[in-house]
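A.B. asks: Structure for this input, please:
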Amino acid sequence: MKKITKKWYLIILAIFIWLILTTKSFAGDQDLNELNFTVDLQSNGDMKITEIWDVDIYDTNTLFKNFKYDSNKFENVSVTDVSTGVEFSKINELMYHVTKDCFYALKNSDGLFEIAWGVSATSTETRNFEISYTVKDIIKKYNDCSELYWQFVGYNFSIPADTVSGT
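C.D. replies: Residues are numbered from 1 along each chain as shown. Sure, this is the predicted structure:
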């Protein structure tokens, strides 16, 4: 009787392990191959930023980036899929799943300024995106110098990046 009970425990354990290992996850993921910043500081204290994201996308439909700055400081936001040449349309609505080829640039429910764009990747894809925006009056001017404090990678950025560069 003990041998039969042990066999059943082993069979049940094997089935349990098999189920865990073969369960497909439907969660999306992203990995940045390269993140490149081009920054143009203006004499009026504004900063124009262009980010190029070379990103591997796995089964997800939305990419986003948050900033810990006043949303009123941002203007001229645009998102382009460099891979296809499609310039995304701006929408004025927060969405958890942003519509393909659309983006928003708004204050989110956490009070952070957020740029989010719809990518609709149903499999593994490598894509290139250009995100451009101007940050108004970010450079502080003093009599003897000027100061810029900015987190280029951003607040709570969780996408791993192989290479980050900037000019």
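A.B. asks: Ramachandran angles for residue 81?
C.D. replies: Backbone geometry at residue 81, expressed as degrees, to the nearest 10, gives phi -90, psi 100.
A.B. asks: hang on, residue 87 packs against residue 78?
C.D. replies: Yes - proximity of residue 87 to residue 78 meets the contact threshold set by Cβ atoms under 8 Å, at 6.7 Å. Every residue, glycine included, has its C-beta placed from N, CA and C.
A.B. asks: Now name the helix or strand holding the spatially most central residue of the chain.
C.D. replies: Taking Cα atoms, centre = their mean, the centroid of the chain lies closest to residue 64, which sits 3.6 Å from it. Element membership for residue 64, per DSSP states H and E: strand 47-67.
A.B. asks: what mean pLDDT does that strand have?
C.D. replies: For strand 47-67, the mean per-residue pLDDT is 91.
A.B. asks: what sits up against stretch 154-163?
C.D. replies: Contacting residues not belonging to stretch 154-163 are listed as 30-35, 55, 65-68, 112, 153 [Cβ atoms under 8 Å, 6 or more residues apart in numbering].
A.B. asks: repeat for stretch 32-50
C.D. replies: Residues from elsewhere that reach stretch 32-50 (Cβ under 8 Å, 6+ apart): 51-56, 76, 126, 130-141, 148, 150, 152-153, 159-167.
A.B. asks: Tell me the buried residues in the host helix or strand of residue 80?
C.D. replies: Per DSSP H and E, residue 80 falls inside strand 74-81. Neighbour-count burial for strand 74-81, with 16 or more other Cβ atoms under 10 Å as criterion, is recorded at 74, 77, 79-81.
A.B. asks: Nearest residue to residue 32 in space, please, no chain neighbours.
C.D. replies: Excluding the flanking residues, the one nearest residue 32 by Cβ to Cβ, 6 or more residues apart in numbering is residue 161, at 3.8 Å.
A.B. asks: per-residue confidence for that neighbour?
C.D. replies: Looking at residue 161, its pLDDT is 89.
A.B. asks: Counting neighbours, what do you get for it?
C.D. replies: Residues near residue 161, counting by other Cβ atoms under 10 Å, number 17.
A.B. asks: all numbers from here: first residue = 271
C.D. replies: New numbering, starting at 271: the last item is residue 431.
A.B. asks: Output the below-cut-off pLDDT ranges for the chain.
C.D. replies: 271-274, 279-280, 283-298, 425 (pLDDT under 70).
A.B. asks: Perfect, I'm done here.
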